[in-house]
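Enquirer: Just need the structure, nothing else, for what follows:
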Amino acid sequence: MMKEIDLLRYLLDNQERFVTSDELAGILSLSPRTIRNYIKMLKPKLALHGAILEAKPSFGYCLHISHPVTFDLFLNKNYQLSQWQVDDTEEIDISDRQKYVLNKLVIENRKILIDDLTQRLFVTRSTLSKDLSMIRKKLLPYALTIENKPHSGIFITGLERNRRHFILDYFFTHNDNSFQHYMENKSFFKKLNFDQITIIVLDECRESGIHLTDFIIQNIVLYIALSIQRMAGGFELQPVSLDNSVETRQVYIVAQNIIHRLEKSYHLQVPESEVAYLTIQLLAKGKNINMANDETLRKELDSVLQQIEHDTGCPISQDYELRKNLVEHLKPMIVRLEQGLQLKNPLLQEIKTNYPTYFSDVKRYMSLSRYLSKFEINDDEIAYLALHLMATAEKYRDLKKPKVLLICATGYGSAQLLNNRLEKEFGKRLNIVSIKGYYEVDDAALNGIDMIISAIDLSTQFFKIPVIQVSIFLTVSDTKKLTQFLDDLEVNPNQFSNKATKYANNSQTDNYFDQFMDNSRFKIWQTPTNRAAVLNQLSDMMLANEAPEFKQELLDQIAQRELLSAVTFSDVIAVPHPARAISQVPKIAIGVIPAGLKWSQAYPNIKLVFLLSPSYLNNQGLTETTQTIVRLVENQAQQENLVLAKDFSDFRQNFMLLMKGGKTK
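Expert: Okay, the predicted model is just below:
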């Protein structure tokens, strides 16, 4: 079932094209024949629930969604499954069998009789023996072993810290770059609030000057959530010793503050070993501005850079920015190597496949460092270092045009790589003003920015300026998309926000509007009101097909989103929306307040409130709708027509004209 879910997710993410069975097989680590079997099972299910899976010889498969809401409800009902449950009535593949066994052995710490396991999985002893052999190889790098005792069964031996490393790497590592995917394991972390843990980590790390990339923040949060879960199950870490350096003592205080806040929130008694080990995690993954100088490391790095310069002719030994970034990366990397920790790199496979020369060169040059060569540096770490060299190799002179904010989640090296590629392809047409992580995007960062180029999916977030999503590696399709956008902008430079997306045709716009908005989610306030009352009533309109706790979570998420940056798009328009998509289906509730209300000190006269709640499954058509709101910001006359609407029908007519590119009456 896990592979079927991953297959459907991939088809959803690639609706604009046909995907071959070979491509799916490579992504999902299955044979093309198995892919075709999954497709055969999926087609009749989808046909009954609002989607068609088209198969075209030599082209592959393409998913077409004919009834988005019906399809979204089907997805929620059938594919929000517990991550490691196995249905005894289904035939499961090798990967699912191994996940099931590892869940029992590592997470639940169970002892299982071989005969019981063969019956449970419907396999022979020979097949199970092969599975266990493969599992042993997976466990080996983590110093975990499978023991087998008569009458007791098989069980795992090894340190708790190593079990946690394995759980995070095996069960929670994904190859996509989506925030939702990293944080969506609700079936496992049922009682934990990821947003609350994230805020605690951000607060304490920012206060102390520890810089964490978005990807690392999520890894730390996931580690903390797993630690809480393991402690609740009675699994404690062995004592951990720390050195007495100034840096370690500073980071220990940060870990202590985080743990104290978690103890209050979750009514825990956390042992000292957990504080010490969180300290190691932060040292290994953070970039502390107060780190002490390490002259030996700097001298060896200079020697390696000089050798690269000698081999390539590229003057990188004098590149202060590269040297600084490499030192900041290498220091926590050395902590990881010394502690036996691993840092997963979501870009590893793409770098190895598409940029093998950079990857192999980094491996070779790292061997020139006497200090680093004593460690066994894994491919994930090599790939991170390769990104720094790739970024340097792609440097291009900065020329001005529209001011761009670049958002990237996986660290400075990858952000610089994308930055330099953008400069190489679009240096004469774009001016990249700043590079930020998602959690760093606030009103100050957006000030004076004309557009956002993002390497992460921001489709469930809404800004007053265009957002273009691209790959870290700036693919051919990304280049075409940006070229078309900038060409359109040059034709009509005074309508910048109008060019954020390609608008749907007129027949589609009716469907999009009616899909997200209707009379039941519309209200005109004829008497004085306030912000809290409007948000309360509009959120009440969103409750259909949602869980009982949905309303409070929506309001909490709206508050968190506003902590990042304002949701007021003009003096008249507010567009509150959650920081993280939580709806089963996308919805928009509309409030019209002709007399105006005080949203904040800076915005005392808001008259149009569009409460947006995107889906965590699929948001087809939502961008076309929200871009109409962005266009509305620039036209005061059109705003006034909507404020004066007599009822929903009148409002819909005016809004539809805007969606279709016309003028209101």
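Enquirer: Residue ranges of each domain in this protein, please.
Expert: The chain is divided into the following domains under automatic domain parsing: 2-66, 168-288, 295-392, 403-499, 506-659.
Enquirer: Start from the N-terminal end of the stretch 151-300 of the chain and give the strands.
Expert: All strands of the stretch 151-300 of the chain, identified by DSSP state E, counting those that start in this stretch, fall at 153-157, 210-211, 287-288.
Enquirer: That should have said the stretch 401-550 of the chain, apologies.
Expert: Ranges of strands within the stretch 401-550 of the chain are 403-407, 431-436, 451-454, 467-469, 522-524, based on DSSP E, counting those that start in this stretch.
Enquirer: The fourth one - contacts with which helices or strands?
Expert: Taking 3 or more C-beta pairs under 8 Å, 6 or more residues apart in numbering; DSSP states H and E as contact, the helices and strands that strand 467-469 lies on are strand 451-454, helix 476-491. For every residue, glycine as well, the C-beta is placed using N, CA and C.
Enquirer: average model confidence for that strand?
Expert: The predicted model assigns strand 467-469 a mean pLDDT of 90.
Enquirer: any idea how far that strand is from the chain center?
Expert: Centroid separation for strand 467-469 versus its chain: 15 Å, with C-alpha atoms, centre = their mean, to the nearest Å.
Enquirer: In its sheet, which strands sit next to that strand, and in what direction?
Expert: Next to strand 467-469 in the sheet, as set by DSSP bridges, lie strand 451-454 (parallel).
Enquirer: what do you get for the first one?
Expert: For strand 403-407, the paired strands and their directions (DSSP bridges) are strand 431-436 (parallel), strand 451-454 (parallel).
Enquirer: tell me the most buried of the ones you listed?
Expert: Sort these by mean neighbour count, taking mean count of other C-beta atoms under 10 Å, and strand 451-454 sits at the top with a mean of 23.
Enquirer: Mind putting the strands of the stretch 151-300 of the chain into JSON lines with mean pLDDT, distance to residue 362 and mean neighbour count?
Expert: Below are these laid out as JSON lines (pLDDT from 0 to 100; distance: least, C-beta to C-beta, whole Å; neighbours: other C-beta atoms under 10 Å):
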{"stretch": "strand 153-157", "mean pLDDT": "92", "distance to residue 362": "34", "mean neighbour count": "17"}
{"stretch": "strand 210-211", "mean pLDDT": "78", "distance to residue 362": "23", "mean neighbour count": "18"}
{"stretch": "strand 287-288", "mean pLDDT": "52", "distance to residue 362": "20", "mean neighbour count": "19"}
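Enquirer: that older thread, nearest to residue 404 among the strands paired with strand 403-407 would be which one?
Expert: Closest approach to residue 404 among the strands paired with strand 403-407 is made by strand 431-436 (4.7 Å; C-beta to C-beta).
Enquirer: I'd guessed residue 556 sits against residue 195; true?
Expert: Yes - with contact defined as C-beta atoms under 8 Å, residue 556 counts as touching residue 195 (7.5 Å).
Enquirer: returning to that earlier point: among the strands of the stretch 401-550 of the chain, which comes closest to residue 39?
Expert: For residue 39, the closest of the strands of the stretch 401-550 of the chain is strand 467-469, at 27.2 Å, according to C-beta to C-beta.
Enquirer: Give me the residues contacting the closest one.
Expert: Applying C-beta atoms under 8 Å, 6 or more residues apart in numbering, the external contacts of strand 467-469 come out as 451-459, 461, 481-482, 485, 500.
Enquirer: Next: stretch 11-24.
Expert: So stretch 11-24 is in contact with 7, 10, 30, 32, 35-36, 39, 53-54, 56, 59-65, 176, 618, 620, going by C-beta under 8 Å, 6+ apart.
Enquirer: in that stretch, what counts as buried?
Expert: 11, 12, 14, 19, 21, 23, 24 (16 or more other C-beta atoms under 10 Å).
Enquirer: Ends of that stretch, what's the gap?
Expert: Using C-alpha to C-alpha, to the nearest Å, the end-to-end distance of stretch 11-24 comes to 9 Å.
Enquirer: again with stretch 562-571
Expert: 16 Å.
Enquirer: I'd like the mean pLDDT over it, please.
Expert: pLDDT averaged over stretch 562-571 gives 86.
Enquirer: got the buried residues for it?
Expert: By 16+ other C-beta under 10 Å, the buried positions in stretch 562-571 come out as 562, 564, 565, 566, 567, 568, 569, 570, 571.
Enquirer: who touches residue 98 in this structure?
Expert: Neighbour list for residue 98: 131, 134, 135, 138 [criterion: C-beta under 8 Å, 6+ apart].
Enquirer: Do a quick rundown of the strands in the stretch 1-150 of the chain.
Expert: Secondary structure of the stretch 1-150 of the chain, counting by DSSP E, counting those that start in this stretch: strands at 51-56, 60-65, 145-149.
Enquirer: Make CSV from the ones you listed and add mean neighbour count, distance to residue 651 and mean pLDDT to it.
Expert: CSV is the format used below for those (neighbours: other C-beta atoms under 10 Å; distance: least, C-beta to C-beta, whole Å; pLDDT from 0 to 100):
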stretch, mean neighbour count, distance to residue 651, mean pLDDT
strand 51-56, 15, 31, 90
strand 60-65, 18, 27, 90
strand 145-149, 12, 65, 91
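Enquirer: Can you tell me which of those strands is nearest to residue 642?
Expert: When those are compared by C-beta to C-beta, strand 60-65 sits nearest residue 642, at 29.4 Å.
Enquirer: so how far is the closest one from its chain's centroid?
Expert: 24 Å.
Enquirer: what helices or strands is it leaning on?
Expert: Applying 3+ C-beta pairs under 8 Å, 6+ apart, we find strand 60-65 packed against helix 2-13, helix 21-28, strand 51-56.
Enquirer: will you turn the ones you listed into JSON lines that also has distance to residue 659?
Expert: Below are the helices and strands packed on strand 60-65 laid out as JSON lines (distance: least, C-beta to C-beta, whole Å):
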{"stretch": "helix 2-13", "distance to residue 659": "24"}
{"stretch": "helix 21-28", "distance to residue 659": "35"}
{"stretch": "strand 51-56", "distance to residue 659": "24"}
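Enquirer: Worst mean pLDDT among the ones you listed?
Expert: Mean pLDDT, when computed for each of the helices and strands packed on strand 60-65, is lowest for helix 2-13, at a mean of 78.
Enquirer: And that one, what's buried?
Expert: 2, 3, 4, 6, 7, 8, 9, 10, 11, 12.
Enquirer: Got the confidence number for residue 359?
Expert: Residue 359 carries a pLDDT value of 91.
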